[in-house]
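**Q** Got a sequence here, can you build the structure:
(one chain, ligands or ions: 2)
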Amino acid sequence: MKLQACRICQSYRGTPVIQDIDLEVDEGEVVSLLGPSGVGKTTLFNILSGIDTPDSGQVLVDGEDITGRAGRISYMLQKDLLFEYKTVVDNIALPLVIKGENKVTAREKALEHFEQFGLLGTDKLFPSQLSGGMRQRAALLRTYLFSHDVTLLDEPFSSLDAITKRQLHKWYLEIIHALQMATLLITHDIDEALRLSDRIYLMTGKPGRITDQVTIERNGKSGEAFETSPEFLAYKSRIIKALQC
Ligand SMILES: Nc1ncnc2c1ncn2[C@@H]1O[C@H](COP(=O)(O)OP(=O)(O)O)[C@@H](O)[C@H]1O
Ligand SMILES: [Mg+2]
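**A** Ligands and ions are numbered 1, 2, ... in the order given. Modelled structure (predicted):
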């Protein structure tokens, strides 16, 4: 499945926030959209997920116009939005229940993934009893169960401490490759984008535009070996220059 955005523009009260955004995410690809706070990343996310309709432009899935229509692609908002009064398993099973599964089957299907998502034994707990990293994994599993095609993530790791974030990156890389999850990851963290992506779109300016694109070649290196390589530093330096930060 392929997600495409064509010439997306959006303004708030007459002020353009994002302009002429073109992007695409191919089957199995992990793509980041990297830019500073306020550049319009969440505005674009809301349009791609169908929560908002843009002033102009189109969102396509496999060529079909889904502009302004939620429900086709799964997304995880900047805040994890787990319901505090529901148990972990009921939070995760929610997309299946919304799609019409009965509660018991939905719980069973959710539980099948608990081990892979590092959540074994947490099903009857409430979200407030989970660590930050576990909350994010629970929210990611819920997002995955909504649709397996393309997943949009708005700064999913930004509220975590640096060490938990690194652990979650490592785990997330393994899981997206195991599940072949095409992902569009929105982030303001350069290292995060470099660690996780096959390709990075850089977004800058007011209104926000996509001003550059970087394809990441790891040459067989992963994890620490890639992060401490001259290639990593060269990419980082190129991105810092392009973002002028
Ligand atoms: N609902 C809204 N109404 C008015 N202005 C908004 C709204 N949402 C976002 N903005 C403005 O749009 C700009 C981009 O915001 P946002 O998309 O949240 O950026 P980012 O996610 O990159 O930090 C900001 O200047 C913000 O104040
Ligand atoms: Mg945002």
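**Q** And the strands in the chain, which stretches?
**A** Residue ranges of the strands in the chain, as given by DSSP state E, are 3-12, 15-25, 30-34, 56-61, 64-65, 74-76, 150-154, 182-187, 199-204, 209-215.
**Q** Provide a list of residues in contact with T187.
**A** Contact partners of T187, counting by CB atoms under 8 Å, 6 or more residues apart in numbering, are 32-34, 155, 157-158, 193. In short, each C-beta sits where N, CA and C put it, glycine included.
**Q** Nearest to D22 among the residues you listed?
**A** L33 (11.9 Å; CB to CB).
**Q** what about the closest one, neighbour count?
**A** 28 (other CB atoms under 10 Å).
**Q** Tell me the helices and strands packed up against the longest helix seen in the chain.
**A** Counting by DSSP state H, the longest helix found in the chain is helix 162-179. Judged by 3 or more CB pairs under 8 Å, 6 or more residues apart in numbering; DSSP states H and E, helix 162-179 is in contact with helix 132-146, helix 190-196.
**Q** and the least confident helix or strand in the chain by mean pLDDT, how far from the chain's centre?
**A** Least confident helix or strand of the chain, by mean pLDDT, DSSP states H and E, is strand 74-76 with a mean of 87. In this view, strand 74-76 has its centroid 7 Å away from the chain centroid, taken as CA atoms, centre = their mean, to the nearest Å.
**Q** and the helices and strands packed on helix 162-179, which one is worst for confidence?
**A** Mean pLDDT per stretch puts helix 132-146 lowest among those, at a mean of 91.
**Q** Tell me what angle that one forms with strand 182-187.
**A** 140 degrees (axes from the mean of the first three to the mean of the last three CA atoms, to 10 degrees).
**Q** Just the angle for helix 132-146 relative to helix 162-179, thanks.
**A** Using the same axes, to 10 degrees: helix 132-146 against helix 162-179 is 20 degrees.
**Q** Show me which residues of the chain are close to ligand 2?
**A** Counting by CB under 5 Å from the ion, the residues of the chain close to ligand 2 are 41-42.
**Q** So the chain: which segments form each domain?
**A** Per automatic domain parsing, the structural domains of the chain span 1-73+149-245, 79-146.
**Q** How far does the longest one stretch from one end to the other?
**A** Right, the one you point to is domain 1-73+149-245. This stretch, domain 1-73+149-245, spans 35 Å end to end (CA to CA, to the nearest Å).
**Q** measure the residue lying closest to K206 once chain neighbours are set aside to ligand 1 for me?
**A** Setting aside the residues directly before and after it, K206 is nearest to V39 in space (CB to CB, 6 or more residues apart in numbering), at 7.7 Å. According to CB to the nearest ligand atom, to the nearest Å, V39 stands 4 Å off from ligand 1.
**Q** go on, V88?
**A** Distance from V88 to ligand 1, by CB to the nearest ligand atom: 28 Å.
**Q** same deal with D26?
**A** 24 Å.
**Q** L196 now?
**A** Remark: distance between L196 and ligand 1 (CB to the nearest ligand atom) = 18 Å.
**Q** ok, now which ones touch that residue?
**A** For L196, the contact set (CB under 8 Å, 6+ apart) comprises 30, 32, 169, 172-173, 185.
**Q** can you rerun that using 6 Å?
**A** V30 (CB atoms under 6 Å, 6 or more residues apart in numbering).
**Q** The residue nearest to D123 when sequence neighbours are not counted: neighbouring residues, count only.
**A** Spatially, and ignoring its direct neighbours in sequence, D123 is nearest to V89 (3.9 Å; CB to CB, 6+ apart). Counted with other CB under 10 Å, the neighbours of V89 add up to 21.
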